[in-house]
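Trainee: Provided below are the primary sequence and the corresponding predicted coordinates.
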Amino acid sequence: MARRGRVALMVGLLVALSACAPAADPGPASDAAATAPGVDVVRTVGWAESPTVHATCMTEAGFPSSGVGPDGSVEYGPYDAAMSEAYERADETCRAQYPVAEVIQQDSPEAREQHYAYLRDEWVPCMRDTFDIDVGQLPSLETYLADPNWLDLPMFGAELDAAVKDGRLEHWSAWWPECPDWDVPDQSS
């Protein structure tokens, strides 16, 4: 099964999809990856260099890229079930070793509340109204703050696959221009 790297925070969540679904371009680290036990941070990277650094780390871990997808994302695999587990461990380790600065900045309670409001008021309605893509039910703010990984990743992946197959989307990340990810709040002010 081919794997792809991440380009956006929401697409970034797709890396956790089952071994049967492709994920998107290396980019943001997940909360789990950012706090992977026993993994030291080598250095913090920015959005622009993250795909290259992640691909290099994955190659060093024994998972070289298998190509570039039609949307420009890095692909990995195909892997059987046993290799998919090893791939997921390597992916989590690489993301923990090279966390994305913008993702770390997004982890404050204030930033999470702003992200929740963006998802509720803009992203979820945009995905539904523009592409007829069901991203599932956003939980309450309290539930989201306790676990911001609310998105049903296999369902979302299946929705994206269906949208590509029936022509609503040209490729997996084609929703980006219409329903862009939120801007990282400036924590320095």
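Mentor: All right, it came through fine.
Trainee: show me where the protein has strands.
Mentor: 3-4, 67-68, 74-76 (DSSP state E).
Trainee: tell me which of those strands is the most buried.
Mentor: Mean neighbour count (mean count of other Cβ atoms under 10 Å) peaks for strand 3-4 among those, with a mean of 28. The way it works is simple: take the backbone N, C-alpha and C, and place the C-beta from them, glycine included.
Trainee: for that strand, the averaged confidence score.
Mentor: Taken as a whole, strand 3-4 carries a mean pLDDT of 34.
Trainee: all numbers from here: first residue = 38
Mentor: All right, first residue 38 from here; so that's strand 40-41.
Trainee: in the chain, where is pLDDT below threshold?
Mentor: Along the chain, the parts satisfying pLDDT under 70 run over 38-74, 107-109, 139-144, 218-226.
Trainee: which of the strands of the chain sits closest to Tyr135?
Mentor: Closest approach to Tyr135 among the strands of the chain (Cβ to Cβ): strand 111-113, 14.4 Å.
Trainee: what helices or strands is that closest one leaning on?
Mentor: Contacts defined by 3 or more Cβ pairs under 8 Å, 6 or more residues apart in numbering; DSSP states H and E place strand 111-113 against strand 40-41, helix 87-97, strand 104-105.
Trainee: and these: which comes nearest Ala199?
Mentor: strand 40-41 (17.4 Å).
Trainee: how close does Lys124 sit to Asp77?
Mentor: For residue 124 the amino acid is Tyr, not Lys. Taking Cβ to Cβ, to the nearest Å as the measure, Tyr124 and Asp77 are separated by 21 Å.
Trainee: the more surrounded of those two?
Mentor: Tyr124 (21 against 7; other Cβ atoms under 10 Å).
Trainee: the more buried one contacts Phe100, correct?
Mentor: Yes: counting by Cβ atoms under 8 Å, Tyr124 does reach Phe100; the two are 5.6 Å apart.
Trainee: how many residues are close by the nearest residue to Met164 once chain neighbours are set aside?
Mentor: Excluding its sequence neighbours, the residue lying closest to Met164 (Cβ to Cβ, 6 or more residues apart in numbering) is Ile170, at 4.5 Å. Around Ile170 there are 19 other residues, counting by other Cβ under 10 Å.
Trainee: show the contacting residues for Ile170.
Mentor: By Cβ atoms under 8 Å, 6 or more residues apart in numbering, Ile170 lies in contact with 164, 193, 196-197, 200, 205, 212.
Trainee: which pair of those residues spans the longest distance?
Mentor: Spatially, the most separated pair among these is Phe193 and Arg205, at 14.0 Å (Cβ to Cβ).
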